[in-house]
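Undergrad: pasting the sequence and the predicted model now:
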Amino acid sequence: MHGPRRLARVRVGAGRLARLSARGVATSRSAPVAASISPSSSSRRCIYSAPLRFAAGAPSSSRSFHSSRAAHVDVAAEAAAAAPPPVELSQADLTRLARQRNIGIAAHVDSGKTTLTERVLFYTGRIKDIHEVRGRDAVGAKMDHMELEREKGITIQSAATYAHYRATPPTETRAVSGDAALMDTKGEAPKEDFHLNIIDTPGHVDFTIEVERALRVLDGAVLVLCATSGVQSQSITVDRQMRRYRVPRISFINKMDRQGADPWRVIGQIRQKLRMPAAAVQIPIGAEDEFSGVVDIVRWKTVYNEGEKGIVVREEDGVPAELEEFAKAKRQELIEQLSEVDETMADIFLEEREPTLEELATAIRRATLTCSFSPVFMGSAIKNKGVQAMLDGVCAYLPDPSQVPVTAMDMSKEAIEKAKAAAAEAAEAAAGTASAEAVVTGTPATQPLISLAPASSAPFVGLAFKLEEGRYGQLTYVRVYQGTLKRGTTIFNARTGKKVKVPRLVRMHSNDMEDVDELGAGEICAMFGVECSSGDTFTDGQTSLSMTSMFVPDPVISLALTPEGGEGGKGAGGAISQNFSRALNRFQKEDPTFRVHVDSESGETIISGMGELHLEIYVERMKREYNVPCKTGKPRVAFRETIGARVPFNYTHKKQTGGAGQFGRVVGYIEPMERDEETGKDVAFENRVTGGNIPSGYFAACEKGFYEALEKGALTGHPIQGIRYVLEDGAAHSVDSSELAFKLAVMGSIRDVYRKAQPIVLEPKMKVEITSPAQWQGAVVGSINQRQGLVEDSETRADDFSLTAEVSLNNMFGYSSLLRGLTQGTGEFSMEYRNHSPVVPGVQKDMEAEYAKIQAKKN
Ligand SMILES: Nc1nc2c(ncn2[C@@H]2O[C@H](COP(=O)(O)OP(=O)(O)OP(=O)(O)O)[C@@H](O)[C@H]2O)c(=O)[nH]1
């Protein structure tokens, strides 16, 4: 079963493995399973606080957040450089935090996230009854509270809630059978209960920012996968987002009741497509219609859901005889997978010893927390099966807030000065070597980092991660990272420096809220009446800490928007145009992927976003919430420009018009830059000027000039991406040089050499995934070929087939109605942005000619 070659892949302890092999330790195993699975006397605390391999600030577990434009943070350096938190956690904090989980439910469209969350709310007593998404009672699920969500049966905005849950630890026999009477309904949880903050996120890629900001502030996640469709395109996107923020996850294979459900195929896909070591911690009892429960192969128990809507969990010791062999094999597989990523489990494996229940559970927890493994649960949300067991997994294997390292930048003058001096020293030292490293100016790279501690007595630090316009003004969702947030106190906005009072503090339960007086570190809550922007950091004024913002993808699609009755000056200045701009301001404030600008050529208002659905929802909300119906233009894709070659520049900006002149000279080169997968960063300004030819006071202006130049490429007027600007030298004049002169010098230097750098026009390419009954396969493939798509993969199953293709977004307009027609309404498709790729040369030529014509008219 296990050969030495396989064992040699164990990541850690290779020396020890060699020693063990030398001692002649055999690698096959036959120890009986049940003998070691009886509940041990170990305490539940031991499992929940299993020791971790990482400590706050260790590079392997750093969390770092970036905005797509000006992301300058080096992830590993950030964590390694972080100073330790100023406050130790008290015993009371540790006890409280050990029972807290902040989790997100994320997945591909329609995998059942909202249906699953509805069960969680019901079993924890937060709702009195279950209502289905698109259910016949037309009530809709609790977490889909927007009218549009209920009508369309999709999640558009993430919704937060909290609940109390009495978990059964892996080392114990279930004491509570899940009787509703034992669940908390008044918000006062018994001490042994877990406090869960849950965010249900949308699956459509158009609303990806909702997933992004949820994962930014959550400590763990449940990745929901469909038992028949497996790992789909959005699962891959969500996986990438979880990796970006290093969020540990458990996997839940939902829809086990569906025809063709195959959890083992899905687990294979988690390992291959997501490259995440994973193994089942349960096996199903029965399949499809006959799916009736699960066997817990960690605890060696059989688990059934009974009673009203599965509220009672009945457990039996042992495994049904007919499943015993299979269960043993799958338990063995679990141990093998863990030995690949966990040192302790590798040792046990090599010693040919069957792990105890506690050893197995702690190894799962340890490996999950370090994001090197995902335990897989399974069930059927709609049939009310397997949900409580999954919740037990959340409590057992996902981290509490004290186990997630978080850093903030110290923005105090002293700290910045100190860091700048250190950076300058390093730059000077590096300048003397051939491999001189670039020094990044005015960025977080020169700002010192501090680890935060979720201690209630520490100075308060919180992050505003989501805004919503509520009935009583702005509702600001906050994650409290350190200290305590109290109603009535004054807090400081680290970005604006303004102080604000917290008039109202609430816990969110979808669209309902419950007032609270204060909330401790590690909590998620919302404030009313505090004006701020998404991504702002709040402190109590004792510190100058600021947290970096989240990754914001660039929009891929735009369209012109005109309020009906508002054009031609008729509505101008009146209610229509006022509401129109109010709505646009609010939408932009709430959603950083929704952008608005007025086209300088046509004077039209252009809205941009992540997809047709994204923009369609805002147009609909404009009508419903602001009473402004709008006419929309044809959707246009977001073209970009980039360069294909490195070219040097030596540019002088000089103006002498009587009074004070302008002088700035810049020397260096521009070159193509690849996108950094982790940070999303694909543009950079690097300052390698040493020796003072350009005084350091002008560096920030130079960088500003660079980012301004990127807004409009000279070829077609679209933004420039994939470019690095390296400033190596220059010259200044003691009287005529100014910040403006250097900003214009940088802009001029790009314009000057741009055409020599082989500029190219790029268009968004999408990964398109289609599923449909097998009979329409020919027509569907034909439709993709017609749109010049490239079929990359297809899979035909018993009744249906799925296909993955790469297609230009420009060729995908109107595809949903075409597919509906081709497949008599049975086909489904989803697409997600993959990258920007060059347009075909003919298209580029036409676009250039068109732009040149517009420019000529203007001049
Ligand atoms: N057969 C089956 N259907 C399910 C199950 N869970 C959910 N569904 C159905 O799948 C559809 C989508 O469910 P949702 O809960 O809205 O899925 P979602 O992942 O929240 O959807 P989005 O947030 O819009 O991506 C609904 O019609 C559900 O009734 C399940 O366990 N089995």
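TA: Perfect, I can see it now. Values in this document were obtained by computation on a predicted structure and should not be read as measured data. Numbers count the residues shown, from 1 in each chain.

Undergrad: so how far is residue 696 from residue 654?
TA: Distance, residue 654 to residue 696, using C-beta to C-beta, to the nearest Å: 22 Å. All C-beta atoms are positioned from the backbone trio N, CA, C, and that covers glycine.

Undergrad: what about the longest strand in this protein?
TA: strand 760-773 (DSSP state E).

Undergrad: now do the buried residues in the next helix or strand after it.
TA: Remark: after strand 760-773, the chain's next helix or strand is helix 777-786, criterion DSSP states H and E. For helix 777-786, a neighbour-count test (16 or more other C-beta atoms under 10 Å) marks 777, 780, 781, 783, 784 as buried.

Undergrad: name the nearest residue to residue 94, sequence neighbours excluded.
TA: Nearest non-adjacent residue to residue 94, counting by C-beta to C-beta, 6 or more residues apart in numbering: residue 402, 6.5 Å away.

Undergrad: residue 389 too?
TA: Closest to residue 389 by C-beta to C-beta, 6+ apart is residue 303, at 5.5 Å.

Undergrad: enumerate every residue touching residue 615.
TA: Neighbouring residues of residue 615 by C-beta atoms under 8 Å, 6 or more residues apart in numbering: 557, 558, 559, 607, 608, 609, 632, 635.

Undergrad: next structured bit after the helix or strand harbouring it?
TA: Residue 615 belongs to helix 612-626 when assigned by DSSP H and E. Later in the chain than helix 612-626, the nearest helix or strand by DSSP H and E is strand 630-632.

Undergrad: my understanding was that residue 368 contacts residue 375; is that so?
TA: Yes: the pair formed by residue 368 and residue 375 meets the contact definition of C-beta atoms under 8 Å, at 6.2 Å.

Undergrad: okay, and the common contacts of the two?
TA: Shared contacts of residue 368 and residue 375 (C-beta under 8 Å, 6+ apart): 250, 397.

Undergrad: tell me where the stretch 151-300 of the chain has strands.
TA: Applying DSSP state E, counting those that start in this stretch to the stretch 151-300 of the chain gives strands spanning 159-165, 194-200, 220-226, 249-254, 278-280, 282-285, 293-296.

Undergrad: show me what the fourth one is packed up against.
TA: Contact here means 3 or more C-beta pairs under 8 Å, 6 or more residues apart in numbering; DSSP states H and E; on that basis strand 249-254 packs against helix 113-123, strand 220-226, helix 263-273, strand 374-378, helix 387-397.

Undergrad: residue contacts, whatever residue of the stretch 101-250 of the chain ends up closest to the ligand?
TA: Closest residue of the stretch 101-250 of the chain to the ligand, C-beta to the nearest ligand atom: residue 203 (2.4 Å). The neighbours of residue 203, taking C-beta under 8 Å, 6+ apart as the test, are 106, 107, 108, 109, 110, 111, 113, 154, 155, 234.

Undergrad: who wins for proximity to residue 575 among the helices and strands packed on strand 249-254?
TA: Checking the helices and strands packed on strand 249-254 against residue 575 by C-beta to C-beta gives helix 113-123 as the closest, at 36.0 Å.

Undergrad: of the helices and strands packed on strand 249-254, which is nearest residue 492?
TA: Nearest to residue 492 among the helices and strands packed on strand 249-254 is strand 220-226; the distance by C-beta to C-beta comes to 29.8 Å.

Undergrad: the closest one packs against which elements?
TA: For strand 220-226, the helices and strands in contact under the criterion 3+ C-beta pairs under 8 Å, 6+ apart are strand 100-107, helix 113-123, helix 233-244, strand 249-254, helix 263-273, helix 387-397.

Undergrad: cool, thanks, signing off.
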